[in-house]
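**Student:** missing the sequence, but the structure's below:
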């Protein structure tokens, strides 16, 4: 067992030395990033075009730490509009080569360009006519010569006193991979709404949901006809699944003309309205209520509910038909806020 493991600062650690060592390592990694600036040139633009022209899947591959970076860049591509998967090079030559087909593009990560597992896998890919894009230190490496296009990082010294672990090189790989993926995203005009479709569970995705995606509709939409008696309206409000606490009043063409809520009922009772249950709904409803279009953002609906201090909001289509209702509790459960 290593006797130095678990040694506490009180047993001889020097806080200032640790701080200075940490800063030194950051500077070494920053230097690696700065070294990429002159390498963003024509080859980078060609790499962007190569991905944009790919009709199939962008398949990323790499071993060890470079493989971990490849996985992350693959995830970034996939979440920003470019179909992408990670393929382990060792598993590829043990049956997974069938994942690579015509129309795909292989993007290989290797600092040295001499990774044995890649060099067994990629010649088969090249023989099948699938193009190879490489990210490596030098075009002169075996990987560089095998690839159709190379994103050359140049020589990079690893961080740390002895430079043993992949560190500055993986930082550079990740930065260059992110730059590639995000420029491809911009070239696709892949914006917040498209991003939200790929991240429906994220905060941005929730905020960019459309009203039509979350409204209560069909049997959960409490519709009553103009002229109905209040006792009928209350029956609908009670029996509608989810008990929305409101009913939407529509004409014979299903167009919204009013709303009646639990709050309206309470106010009628406080006023002592005679024969309340037999009153026609058009006598007690709120006429021309606030409403929102089915294609508006859910965040806008939340803002409207909050500003007007109401709990329900009718949803209408372009012809004014009452196609749904939003309840503030639904929006709160989804954690939707502008």
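**Tutor:** Happy to help now that I have it. None of these values were measured; they are calculated from a predicted model.

**Student:** name the next helix or strand downstream of whatever helix or strand residue 144 lives in, please.
**Tutor:** Using DSSP states H and E, the element containing residue 144 is helix 142-146. For helix 142-146, the following helix or strand on the C-terminal side (DSSP H and E) is strand 149-152.

**Student:** so where's this protein uncertain?
**Tutor:** Filtered on pLDDT under 70, the chain yields the residue ranges 1-12, 191-208, 335-338.

**Student:** and with 80 instead?
**Tutor:** Segments of the chain classed as low confidence (criterion: pLDDT under 80) are 1-13, 95, 190-209, 333-338.

**Student:** how is it partitioned into domains?
**Tutor:** Structural domains of the chain, as assigned by automatic domain parsing, span the residue ranges 18-190, 211-333.

**Student:** strands of the stretch 151-300 of the chain, start to end?
**Tutor:** Counting by DSSP state E, counting those that start in this stretch, the stretch 151-300 of the chain has these strands, from start to end: 223-225, 246-250, 256-261, 286-287, 292-293.

**Student:** format those as CSV; extra columns: distance to residue 42.
**Tutor:** (Each C-beta comes from the backbone N, C-alpha and C, glycine too.) Shown next, in CSV, are the strands of the stretch 151-300 of the chain (distance: least, C-beta to C-beta, whole Å):
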stretch, distance to residue 42
strand 223-225, 62
strand 246-250, 60
strand 256-261, 58
strand 286-287, 65
strand 292-293, 47
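
**Student:** the closest residue to residue 286 other than its chain neighbours: what's it in contact with?
**Tutor:** What sits nearest to residue 286 in space, not counting adjacent residues and going by C-beta to C-beta, 6 or more residues apart in numbering, is residue 259, at 5.1 Å. Contacts of residue 259 were listed using C-beta atoms under 8 Å, 6 or more residues apart in numbering, and they are 246-249, 285-286, 289, 312, 314.

**Student:** let's see 10 Å
**Tutor:** 222, 224, 246-249, 281, 285-291, 310, 312-314, 322, 325 (C-beta atoms under 10 Å, 6 or more residues apart in numbering).

**Student:** separate out the buried members of these.
**Tutor:** The neighbour-count test (16 or more other C-beta atoms under 10 Å) applied to the contacts of residue 259 identifies 222, 224, 246-249, 281, 285, 289, 291, 310, 312-314, 322, 325 as buried.
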